[in-house]
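J.: Let me see the structure of the following:
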Amino acid sequence: MSDEQSTDPLDAIDWRVHTERLVLRRSTLQDSDAMWEYRRRPEVSEWLGWIPADRADWDAEYPERHGINAAIELDGRVIGDVMIRIGDGWGQREVKDLAKGVEAELGWTLHPDFQGRGYASEAVRAVIGLCFTQLGLRRLTAGAFAENEASWRLMERLGMRREAYNVKESLHGTRGWIDGVAYALLAEEWA
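T.: Got it, this is the predicted structure:
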């Protein structure tokens with residue numbers, strides 16, 4: 001066992017977080033099959049930023065991508081995931097170091113068979129709490145294609161504020177240039 005401290009901020013979270021109906025835990029390599037099952041579906045991949053070309057593409061990329069995700073479990077089955085991408089805030093040169101690792105971008109994906117039951121709200125609400133309490137972050141952001149109403153409505157239900165509506169700023173694989181939305185939430189707004 002190494003005496004080195006982890007440099008991954010998500011390791012600071014006390015995982016196996018229980019909500020009313022769900023368990024959130026750090027995703028693992030073994031979650032690949034479960035996540036592929038819902039992410040490959042057209043009604044899900046339609047709104048993702050990265051769409052695997054096929055199973056081989058998924059298998060090649062998943063080992064590098066899974067580390068920033070929390071798996072959402074219902075009765076032991078992975079039904080979705082939440083991305084937590086920790087990043088730096090912007091800062092002037094003399095205070096730039098104080099802006100390191102103070103915010104995160106969130107994203108979520110849920111198996112279509114489990115949508116419409118409040119599971120995404122429950123999971124993302126718990127992740128927001130982890131980000132502000134256990135990680136001590138100051139700001140969270142999330143974005144979506146403007147046409148993905150279910151996603152931005154979830155952001156609003158969770159108290160996130162719309163900060164931007166960007167016209168034709170997102171290049172979609174089948175829809176061309178479409179509008180996007182950006183939301184954010186500060187720690188003091190959550191408290």
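
J.: Next, the buried residues of stretch 49-62.
T.: 51-52, 58, 62 (16 or more other C-beta atoms under 10 Å). Using the backbone N, CA and C atoms, a C-beta is placed for each residue, glycine as well.

J.: what's the answer for stretch 66-82, then?
T.: 66, 68-74, 78-82.

J.: follow-up on the earlier one: between the buried residues of stretch 49-62, which sits nearest Asp8?
T.: Nearest to Asp8 out of the buried residues of stretch 49-62 is Tyr62 (C-beta to C-beta; 17.2 Å).

J.: That closest one contacts Leu29, correct?
T.: Yes - between Tyr62 and Leu29 there is a contact under C-beta atoms under 8 Å: 7.5 Å.

J.: need the helices for this protein, in chain order.
T.: Using DSSP state H, the helices of the chain run over residues 32-39, 42-45, 55-65, 119-132, 149-157, 187-190.

J.: can you list the ones you listed in a markdown table and add mean pLDDT?
T.: Output for the helices of the chain, formatted as a markdown table (pLDDT from 0 to 100):
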| stretch | mean pLDDT |
| --- | --- |
| helix 32-39 | 96 |
| helix 42-45 | 94 |
| helix 55-65 | 94 |
| helix 119-132 | 98 |
| helix 149-157 | 97 |
| helix 187-190 | 96 |
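
J.: Of these, flag the one that's most buried.
T.: helix 119-132 (a mean of 21; mean count of other C-beta atoms under 10 Å).

J.: all strands of this protein, in order?
T.: 17-18, 23-26, 69-74, 77-87, 103-110, 139-145, 161-172, 176-186 (DSSP state E).

J.: Show me the one of those strands that comes nearest Met155.
T.: strand 176-186 (4.2 Å).

J.: partners of the closest one in the sheet?
T.: strand 139-145 (antiparallel), strand 161-172 (antiparallel) (DSSP bridges).

J.: Any regions of this structure where pLDDT drops low?
T.: 1-5 (pLDDT under 70).

J.: try 90
T.: Along the chain, segments meeting pLDDT under 90 span 1-7, 49-53, 65, 191.

J.: how far does stretch 47-62 stretch from start to finish?
T.: 18 Å (C-alpha to C-alpha, to the nearest Å).

J.: how far is that stretch from where the chain is centred?
T.: 16 Å (C-alpha atoms, centre = their mean, to the nearest Å).

J.: cool, stretch 149-159 as well?
T.: 13 Å.
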